[in-house]
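Return a 3D structure for these sequence lines:
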Amino acid sequence: VLQYATDILANSKYALNYFFCENRKDKRLKVIYNGINTTEFLFVKDRIELNISEDAIVVGHTGRFNSAKNHHTMMQVAERIIKENNNVYFLFCGKGVPEGLKDLAIKMDIVNNVFLFDNRDDITKVLNTIDIYFFPSITEGQPNALIEAWLKGKPFVASDIEPIKDIVPVEFLCHLTHHSDITQQVVLLSKLLYSFANEQDKYDRLAAYATKEFEASVRFEEFLEVIKK
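Next up is the predicted model:
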């Protein structure tokens, strides 16, 4: 690649550092973030009907059942929070999620407060149903699922891995913690349970940032500029 490529592109600074750490001053290296069709997320208002009380709070995650997504840590966090407040529900949506988590939810005795969905083609409705987004990934390329939650103006708690830190606005760095720090994740989520409803302006700013930075047409134009030169 270093010998023959005219340009070397990646969707995160972390990727370039990982593969080309000794050549970071090479002018061919450039980050172009993945684009998202933002209008798809901005104008869908419907929710999934969960048959829970109107004042219930839903913490959610979207992503396939995979060790990198850290579902077992999320379930331990869910167990602690639900046993302190049975008006909080956790929603997990992604390929393999029901098979991967149902028995654990039963074992933890939180199955009545946990919703498990497989792949869905209405992810915007899923995000509309979630009040707080939880994303403690162990590894990521570019965290597209997290960005999709931002587009919906969702409060969040996420891991402090480099691909996430790289795109989080400074104002929201306090929402990040180590992916295995269950106690701190419980603390951050618990704070949001009582504060997010009064801070929507803050999360509207986050949605505006995500819309501006990750709109697909903008990112694709950036890519075209590279290949046209």
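
how many other residues sit next to the residue nearest to residue 78 when sequence neighbours are not counted?
If the residues on either side of it in the chain are set aside, residue 78 comes closest to residue 90, at 4.2 Å by C-beta to C-beta, 6 or more residues apart in numbering. (Each C-beta comes from the backbone N, C-alpha and C, glycine too.) In terms of burial, residue 90 registers 27 neighbours under the definition other C-beta atoms under 10 Å.

so residue 90 sits in a strand?
Yes. If the criterion is DSSP: H, G, I helix; E, B strand; the rest coil, then residue 90 is within a strand.

which ones are touching it?
58-61, 74-75, 78, 81-82, 110, 113-115, 134 (C-beta atoms under 8 Å, 6 or more residues apart in numbering).

rerun that using 10 Å as the cut-off
Taking C-beta atoms under 10 Å, 6 or more residues apart in numbering, we find residue 90 in contact with 57-61, 74-75, 77-79, 81-82, 101, 105, 110, 113-116, 130, 132, 134, 189.

Same check on residue 192?
Residue 192 touches 57, 59, 131-134, 155-157, 175, 199, counting by C-beta under 10 Å, 6+ apart.

run the last query once more with 7 Å
Residues in contact with residue 192 (C-beta atoms under 7 Å, 6 or more residues apart in numbering) are 132, 155, 157.

likewise residue 28?
Contacts of residue 28 (C-beta under 7 Å, 6+ apart): 5-8.

And the pLDDT for it?
The score at residue 28 is 92. That number is its pLDDT.

helices and strands of the protein: which one has the lowest mean pLDDT?
The helix or strand with the lowest mean pLDDT-type score in the chain, counting by mean pLDDT, DSSP states H and E, is helix 39-42 (a mean of 83).

what does that one rub up against?
The set of residues external to helix 39-42 that reach it, using C-beta under 7 Å, 6+ apart, is 124, 148, 151-152.

What residues of that helix count as buried?
residue 41 (16 or more other C-beta atoms under 10 Å).

and the gap between the residue nearest to residue 78 and residue 132?
Residue 90 sits 10 Å away from residue 132, taking C-beta to C-beta, to the nearest Å as the criterion.

Common neighbours of these two, please.
By the contact definition C-beta under 7 Å, 6+ apart, residue 90 and residue 132 are jointly contacted by residue 59.

What are the buried residues along stretch 85-93?
Along stretch 85-93, the positions that meet the burial threshold by neighbour count (16+ other C-beta under 10 Å) are 88-93.
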